[in-house]
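**Student:** Okay, here's the prediction I keep looking at, along with the sequence it came from:
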Amino acid sequence: MSLTDTLQSISFNKLIVDLPTTDKLDRALRRLESKADSSLSMDIQSLPEIVDTTLTALAANTLPNRKITKLVALSGLTEIYNQPDGIHFVQKFLDLIIKESSAVYAKCLVIGYLRVTGSNEWLPTAIRKAALKVVDRLPGMWSRRVSEYKLLEEQPGRFLANQVLTSANNPRDIMNDAGLRGVLGGTGYAREVFNQICNVVSQGHTEELLERFWLFTNADHQPIFAESLASYSKALLSPYIDSEADDLTRQKIQRFLTETFKDPRMNQVSWSSLPEEELSVIYRWLTKHSFDILLKVVEQSNDTQQWAERREFWGKYIDAGHVTEAWAALGPAAASIARRMVQEGVLGSTREYAVLETGVDRWHSVIMMRMGDYVITEWTHSGKVRFYHSKNNDHTPLFYKQRYSVDSYGKGLRNDRAPDFFKAHLGDWKFDVRRYISSKMGIRADSFHASLKKPKTPNAGQQCHVCGAKGHLVKSWITDKLICNTCLQAQTKTR
């Protein structure tokens with residue numbers, strides 16, 4: 001068949017489309033509105049004329065026109081409440097709504113309640129009581145939501161929070177099905193659900209409970225209510241005030257909190273309102289994190305023996321909770337490894353550690369620790385351990401800088417004239433360091449060190465291999481021979 005024959009055989013009457021009438025369009029619009037998330041983005045705070053119109057109508061014991069009544073029920077009752085004699089006008093508005101046999105008004109009232117829940121005590125309670133009186137008028141979808149999720153229960157959010165934490169369904173799907181999405185997903189009732197969940201989680205963690213919590217709060221790596229540090233802190237830190245999390249849980253919680261609310265060591269003001277007990281948990285974890293950074297970078301070097309001994313020594317003080325802060329400063333090679341770990345996602349950012357300025361061996365790094373009123377610096381390779389009384393010593397190194405000098409003068413980390421006490425890692429250095437900590441800070445090492453022993457006194461016939469003196473001798477780390485303290489100090493260069 002030719003193209004001409006085909007065109008002649010077509011009935012063009014079949015292609016005629018009737019445009020819908022205005023009534024049909026209005027009905028379709030109402031159907032779409034009923035299926036939407038109902039979190040309509042109307043805010044009458046910028047429309048004072050609506051408030052004035054409403055107050056004038058209420059003074060005449062009547063509702064304003066239908067459109068304004070819906071707007072006020074949805075999002076305007078807070079503005080009415082804030083007016084002079086606001087309680088009287090809100091109550092009159094609710095009483096008039098109850099007298100109307102309108103499914104739309106009933107739905108708007110429920111949505112208005114979901115928006116303002118938690119804003120104050122009287123207003124949401126009054127709206128909830130009014131909504132309960134018109135609940136039988138709700139359209140099918142909202143009637144099901146209110147019934148299935150108990151949206152008008154006296155304790156807002158309690159039932160829905162339980163569903164989020166115990167149901168097999170995805171938490172976000174539960175919230176969406178309950179109508180708490182869009183604007184409603186970030187306002188009053190949704191926040192009450194969040195607070196209820198945080199309260200439950202704060203009582204203790206299980207793997208399943210934390211998984212549900214993460215699915216609810218951080219499913220898309222965009223935390224909900226990201227300004228609510230106090231609630232997140234209570235949920236995630238309070239269970240570990242008197243106990244410790246496993247490493248994976250600790251690292252996940254720590255990473256989430258520091259990425260969402262910044263590192264408390266560099267942003268102390270934003271964290272300052274938290275309870276001291278919760279702050280002690282995050283600082284304890286960050287202390288371990290600084291040691292973990294050193295451990296990871298030192299493992300890449302060819303010489304780990306010195307650090308292994310020092311890490312074991314200080315690790316016991318950390319595990320006992322005596323080290324309240326720690327901060328690592330890395331040499332050039334160690335810093336290069338740390339930057340690679342940031343790129344691989346092992347570390348959060350380069351702000352989690354400092355770097356040492358030029359003049360230090362590429363692998364050498366230092367850890368700063370706070371114990372009581374003292375700041376302690378310890379090196380991964382060579383170096384000395386140094387103690388500074390932070391309240392009396394102006395040369396005490398400051399925590400959380402991004403760069404540190406390694407000079408042997410001024411505030412350099414190798415200036416032996418700056419600290420109140422220092423000790424080279426020679427002989428049984430650990431005994432002298434423990435004794436200093438015990439005498440100055442009152443921390444008895446034998447409370448958590450299982451095998452503390454005082455160095456043995458040399459036999460009467462033994463003498464210093466340099467000067468021949470007898471008395472208190474130690475074994476030189478350099479020559480592996482007995483040496484007196486005077487000759488030992490003469491041999492030991494500042495490191």
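**Tutor:** Yes, it's here.
**Student:** so where do the helices sit in the stretch 201-350 of the chain?
**Tutor:** Assigned by DSSP state H, counting those that start in this stretch, the helices in the stretch 201-350 of the chain fall at 207-218, 229-237, 247-261, 268-271, 276-298, 305-319, 332-343.
**Student:** Likewise for the stretch 1-150 of the chain?
**Tutor:** 3-9, 22-35, 48-59, 66-71, 77-81, 86-99, 103-116, 122-133, 140-149.
**Student:** Of the ones you listed, which stretch is the most buried?
**Tutor:** Of the helices of the stretch 1-150 of the chain, the one with the most neighbours on average (mean count of other CB atoms under 10 Å) is helix 103-116, at a mean of 24. Using the backbone N, CA and C atoms, a C-beta is placed for each residue, glycine as well.
**Student:** Give the other helices and strands that it contacts.
**Tutor:** Using 3 or more CB pairs under 8 Å, 6 or more residues apart in numbering; DSSP states H and E, the elements in contact with helix 103-116 are helix 66-71, helix 77-81, helix 86-99, helix 122-133, helix 140-149, helix 188-201.
**Student:** pLDDT of it, averaged?
**Tutor:** For helix 103-116, the mean per-residue pLDDT is 94.
**Student:** And stretch 268-284, by the same measure?
**Tutor:** 93.
**Student:** so which of the helices of the stretch 201-350 of the chain is the most packed in?
**Tutor:** Most buried among these, counting by mean count of other CB under 10 Å: helix 229-237, with a mean of 21.
**Student:** circling back: pipe the helices and strands packed on helix 103-116 into a markdown table and attach distance to Tyr400 and mean pLDDT per row.
**Tutor:** As requested, those are exported to a markdown table (distance: least, CB to CB, whole Å; pLDDT from 0 to 100):
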| stretch | distance to Tyr400 | mean pLDDT |
| --- | --- | --- |
| helix 66-71 | 51 | 91 |
| helix 77-81 | 42 | 92 |
| helix 86-99 | 49 | 95 |
| helix 122-133 | 43 | 95 |
| helix 140-149 | 46 | 95 |
| helix 188-201 | 29 | 95 |
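**Student:** Dump the helices of the stretch 1-150 of the chain to JSON lines, plus distance to Glu352.
**Tutor:** As requested, the helices of the stretch 1-150 of the chain are arranged in JSON lines below (distance: least, CB to CB, whole Å):
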{"stretch": "helix 3-9", "distance to Glu352": "73"}
{"stretch": "helix 22-35", "distance to Glu352": "47"}
{"stretch": "helix 48-59", "distance to Glu352": "50"}
{"stretch": "helix 66-71", "distance to Glu352": "49"}
{"stretch": "helix 77-81", "distance to Glu352": "43"}
{"stretch": "helix 86-99", "distance to Glu352": "50"}
{"stretch": "helix 103-116", "distance to Glu352": "40"}
{"stretch": "helix 122-133", "distance to Glu352": "43"}
{"stretch": "helix 140-149", "distance to Glu352": "42"}
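**Student:** Columns distance to Ala178 on top of the helices of the stretch 201-350 of the chain, output as CSV?
**Tutor:** Output for the helices of the stretch 201-350 of the chain, formatted as CSV (distance: least, CB to CB, whole Å):
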stretch, distance to Ala178
helix 207-218, 13
helix 229-237, 20
helix 247-261, 25
helix 268-271, 32
helix 276-298, 31
helix 305-319, 45
helix 332-343, 40
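**Student:** Where among those helices is average confidence lowest?
**Tutor:** In terms of mean pLDDT, the lowest-scoring of those is helix 305-319 (a mean of 85).
**Student:** list the helices and strands it packs on?
**Tutor:** On a contact count with 3+ CB pairs under 8 Å, 6+ apart, helix 305-319 meets helix 276-298, strand 366-371, strand 374-379, helix 429-441.
**Student:** how about 7 Å then?
**Tutor:** Using 3 or more CB pairs under 7 Å, 6 or more residues apart in numbering; DSSP states H and E, the elements in contact with helix 305-319 are helix 276-298.
**Student:** And the helix it packs on, how far out from the chain middle?
**Tutor:** The chain centre lies 14 Å from the centre of helix 276-298; the measure is CA atoms, centre = their mean, to the nearest Å.
**Student:** elements contacting that helix?
**Tutor:** Applying 3+ CB pairs under 7 Å, 6+ apart, we find helix 276-298 packed against helix 229-237, helix 247-261, helix 305-319, strand 325-330, helix 332-343, strand 366-371.
**Student:** Please enumerate residues in contact with the fifth one?
**Tutor:** Read it as helix 332-343. When contacts are defined by CB atoms under 7 Å, 6 or more residues apart in numbering, helix 332-343 is touched by residues 293, 296-297, 300, 330, 347, 349-350, 353, 355, 362-363, 365.
**Student:** pLDDT on the very next helix or strand once past that helix, on average?
**Tutor:** Moving toward the C-terminus from helix 332-343, the first helix or strand encountered (DSSP states H and E) is strand 354-356. On average, the pLDDT along strand 354-356 is 92.
**Student:** before we move on, the earlier item: list only buried entries from the contacts of helix 332-343.
**Tutor:** Neighbour-count burial (16 or more other CB atoms under 10 Å) applied to the contacts of helix 332-343 gives 293, 297, 330, 347, 353, 355, 363, 365.
**Student:** Tell me the one of the residues you listed nearest Phe431?
**Tutor:** Nearest to Phe431 among the buried ones among the contacts of helix 332-343 is Ser365, at 25.0 Å by CB to CB.
**Student:** Surely that closest one is in contact with Leu294?
**Tutor:** Yes. Using CB atoms under 7 Å, Ser365 is in contact with Leu294, at 6.1 Å.
**Student:** Need the residues touching each of the two.
**Tutor:** Common neighbours of Ser365 and Leu294 (CB under 7 Å, 6+ apart) are 328, 380.
**Student:** Distance of Val375 relative to Lys384?
**Tutor:** Between Val375 and Lys384 the distance is 14 Å, computed by CB to CB, to the nearest Å.
**Student:** again with Thr56
**Tutor:** For Thr56, the distance to Lys384 (CB to CB) stands at 82 Å.
**Student:** again, but for Val146
**Tutor:** Taken as CB to CB, the span from Val146 to Lys384 is 70 Å.
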